[in-house]
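Chemist: need a structure here:
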Amino acid sequence: MLIEHKQIDLRRSVDKDVYFVIEHFVVPQDLEELTLTIEEPDFPISVLLLYDSQHILRAEGRNIEHSLQIRIAEAEHQTSLGARWGLIPAGEWIMAMEVPIEVQPETWTCNYTIEGNRLYAR
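Modeler: Model prediction:
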């Protein structure tokens, strides 16, 4: 199920070296898997952090230059390497990104999609 699909557009500012982008999204109850897909950004993302509704860091990415998919699931073998597996708590999750702009053009664009799956009925 689609939870969020969004395009982020940042305009360059002469007085900033870095942008910090904070995105909030709501995860419904009874999910057993959550997938974040970052479509190839215009320019690299230095750091990406994904926190669950209990403010626990669930995934981290660094120097993202190409498309990226992070899967978080209840089962360890279904979870992306480096992500934290376990229950998917409902509520507001947070994605934070650090985007350096010293080499960026006038506008930086990044698309992302968040999807959830119920793998079996409870």
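
Chemist: burial check on the closest residue to residue 40 other than its chain neighbours, number of neighbours?
Modeler: In space, and not counting its chain neighbours, residue 40 is closest to residue 67: 4.8 Å by Cβ to Cβ, 6 or more residues apart in numbering. Every residue, glycine included, has its C-beta placed from N, CA and C. Residue 67 is flanked by 11 other residues according to other Cβ atoms under 10 Å.

Chemist: so what's residue 67 scoring on pLDDT?
Modeler: At residue 67, the model reports a pLDDT of 92.

Chemist: tell me the contacts of it?
Modeler: Residues near residue 67 by Cβ atoms under 8 Å, 6 or more residues apart in numbering: 37, 38, 39, 40.

Chemist: repeat that for residue 6.
Modeler: 23, 111, 112.

Chemist: residues contacting the second one?
Modeler: Residue 111 sits next to 5, 6, 7, 8, 38, 39 when contact means Cβ under 8 Å, 6+ apart.

Chemist: distance of it from residue 51?
Modeler: 21 Å (Cβ to Cβ, to the nearest Å).

Chemist: can you tell me the closest non-neighbouring residue to residue 36?
Modeler: residue 70 (4.6 Å).

Chemist: does that neighbour touch residue 35 like I think?
Modeler: Yes. The criterion here is Cβ atoms under 8 Å, and residue 70 meets it with residue 35 at 7.1 Å.

Chemist: higher neighbour count, those two?
Modeler: residue 70 (22 against 16).

Chemist: any idea which helix or strand carries that one?
Modeler: strand 68-73 (DSSP states H and E).

Chemist: that strand packs against which elements?
Modeler: Packing contacts for strand 68-73, counted by 3 or more Cβ pairs under 8 Å, 6 or more residues apart in numbering; DSSP states H and E, involve strand 33-38, strand 45-51, strand 57-64.

Chemist: which one of those lies closest to residue 117?
Modeler: Residue 117 sits nearest to strand 33-38 of all the helices and strands packed on strand 68-73, at 4.2 Å, using Cβ to Cβ.
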